[in-house]
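# Predicted structure and sequence below. I'll ask about it afterward.
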Amino acid sequence: MLKAHEKTSEDFAVLMAEIGRKARASARPLGLASAERKHAALVAMADCVLRHQDRILEANAIDMANGEEAGLSPAMMDRLKLTPDRIRAVADGIRAVAALRDPVGDVIAEWDRPNGLHIERVRTPLGVIGVIYESRPNVTADAGALCLKAGNAVILRGGSDSINSSSAIHACLVGGLQAAGLPEDAIQLVPTTDRAAVGEMLKGLGGNLDVIVPRGGRSLVERVQTEARVPVFAHLEGICHLYIDKSADLDMAVSIAVNAKMRRTGICGSAETLLVDRAVAGTHLLPILEALARAGCEIRGDEAVRAAFPAAEPATEKDWSTEYLDAIISVKLVDGVSGAIDHIERYSSHHTEAIIAEDAAAVERFFNEIDSAILLHNASTQFADGGEFGMGAEIGIATGRMHARGPVGVEQLTSFKYRVRGTGQVRP
């Protein structure tokens, strides 16, 4: 038998085609499964994760050691790391998804026509979803749980960095499916980290894949968006902005700026650019930058910022369009909300933007004129998360304009069909 590194493209095509067939075969019974059975499977998954915490931590220790050897950045190592608290959070996330209302069969809208026809728009599963992700092993649980709740089969392709952790978590997901009498092939983990497997998924697995969700760095997402032959829910980058208006409360501005950047620097909702109204540069700029610096953040500023805060490094044109995913932030003074909007529209990836302001008119302009998936007022950009939105978890943040936008939760993982009820009507 060929070893993994000796496999040919034909071998990967056969492997992935079989995974696709199994997923499609599982999709129909899963789509018809009762809310009670799916709930039971999710609860069993969460219990299994907690029961096998030591096994998951042992697998994660291998991934962490490999990551250190490979020279992963501190931010990437933080994404990869699991702790007892994070494993409990994984289990809690699965339970939160279990507690959500089952979307399948929900009547989204209904109306009557003058001819007596009664029309309903009803939620249905998408079918088979492919999730391609890097580093974060918790995505294995989030994606598996969300797809199951929405009645979809899912094919998970994790990165090589987290393969051991993801495999240990996936075993718990399969255990939950088995405990509830659901097809275990409804949640599959691709058993290879070879990039050829991704290529096969992008081709659609012979028509068995209905949508792809990539979660990872720019190179992964660009490849998926360029090569995929099936629809994609994705965001390319999280270049998130925090704007401090002249009407902002200073204490609030300081607190939110530090949290938005430094709570977890490696997530897509971390603020990468800080914009400060020039009108309050004398009162707000230094306290915010000093607080960020004390928290360990590197400041990169324009000339005006560096004049006020000489410790800042000079910001280049590239900085305004960089997703650092690290303890670095670019800072610029702007001419009020108009200047902030102009800068954001030029450089934003349309993921998440926040305004700190007490002026209602400034907030309304910000909300109305900026076209990003998530906009926040007087709150940290780190709230750009499906769990924080009450969705239980998310499979990603979509920044496109079709079908799903913002956190992709169970409702966004459904489509719909129309049910039309008549009493014998014929069309004239």
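Thanks, I have it.
# so for stretch 399-410, what's the average pLDDT?
Here stretch 399-410 scores 82 as its mean pLDDT.
# Return the set of buried residues in that stretch.
By neighbour count on 16 or more other CB atoms under 10 Å, the buried set for stretch 399-410 is 399, 400, 404, 405, 406, 407, 408, 409, 410. Placement of C-beta: from N, CA and C, glycine included.
# again, but for stretch 83-96
Buried-residue list, stretch 83-96, by 16+ other CB under 10 Å: 87, 89, 90, 91, 92, 93, 94, 95, 96.
# Need the buried residues of stretch 399-410 in TSV (columns: distance to residue 80).
Output for these, formatted as TSV (distance: CB to CB, whole Å):
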residue	distance to residue 80
399	24
400	27
404	27
405	28
406	26
407	22
408	22
409	24
410	26
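# could those residues be laid out in JSON lines, adding secondary structure and distance to residue 175?
Formatted as JSON lines, the buried residues of stretch 399-410 follow (DSSP: H, G, I helix; E, B strand; the rest coil; distance: CB to CB, whole Å):
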{"residue": "399", "secondary structure": "coil", "distance to residue 175": "35"}
{"residue": "400", "secondary structure": "coil", "distance to residue 175": "35"}
{"residue": "404", "secondary structure": "coil", "distance to residue 175": "29"}
{"residue": "405", "secondary structure": "coil", "distance to residue 175": "34"}
{"residue": "406", "secondary structure": "strand", "distance to residue 175": "32"}
{"residue": "407", "secondary structure": "strand", "distance to residue 175": "27"}
{"residue": "408", "secondary structure": "coil", "distance to residue 175": "25"}
{"residue": "409", "secondary structure": "coil", "distance to residue 175": "24"}
{"residue": "410", "secondary structure": "coil", "distance to residue 175": "21"}
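# Pick out whichever of these sits closest to residue 247.
residue 406 (26.5 Å; CB to CB).
# tell me the mean pLDDT for the top helix by length along the chain?
In the chain, taking DSSP state H as the definition, the longest helix is helix 9-32. Helix 9-32 shows an average pLDDT of 92 in the prediction.
# repeat for stretch 205-222
89.
# ok so, going back, out of the buried residues of stretch 83-96, which one sits closest to residue 271?
residue 89 (22.3 Å).
# so that closest one makes contact with residue 138?
Yes. Proximity of residue 89 to residue 138 meets the contact threshold set by CB atoms under 8 Å, at 7.5 Å.
# burial measure for the residue lying closest to residue 210 once chain neighbours are set aside, as a count.
Nearest residue to residue 210, sequence neighbours excluded (CB to CB, 6 or more residues apart in numbering): residue 127, at 4.0 Å. Using other CB atoms under 10 Å, residue 127 is surrounded by 19 other residues.
# my guess is residue 257 is in a helix, correct?
Yes. Checked against DSSP: H, G, I helix; E, B strand; the rest coil, residue 257 lies within a helix.
# In contact with the closest residue in space to it that isn't next to it in sequence, which residues are there?
Leaving out its chain neighbours, the residue that sits closest to residue 257 by CB to CB, 6+ apart is residue 288, at 4.9 Å. Residue 288 makes contacts with 244, 253, 254, 257, 274, 276, as judged by CB atoms under 8 Å, 6 or more residues apart in numbering.
# Ramachandran coordinates for residue 288?
Residue 288 adopts backbone torsions of phi -70, psi -50, taken as degrees, to the nearest 10.
# cool, and the one 3 residues further on?
The phi and psi values for residue 291, taken as degrees, to the nearest 10, are phi -70, psi -40.
# Please verify my assumption that it contacts residue 260.
No. Here residue 291 lies out of contact with residue 260, judged by CB under 8 Å, at a distance of 11.7 Å.
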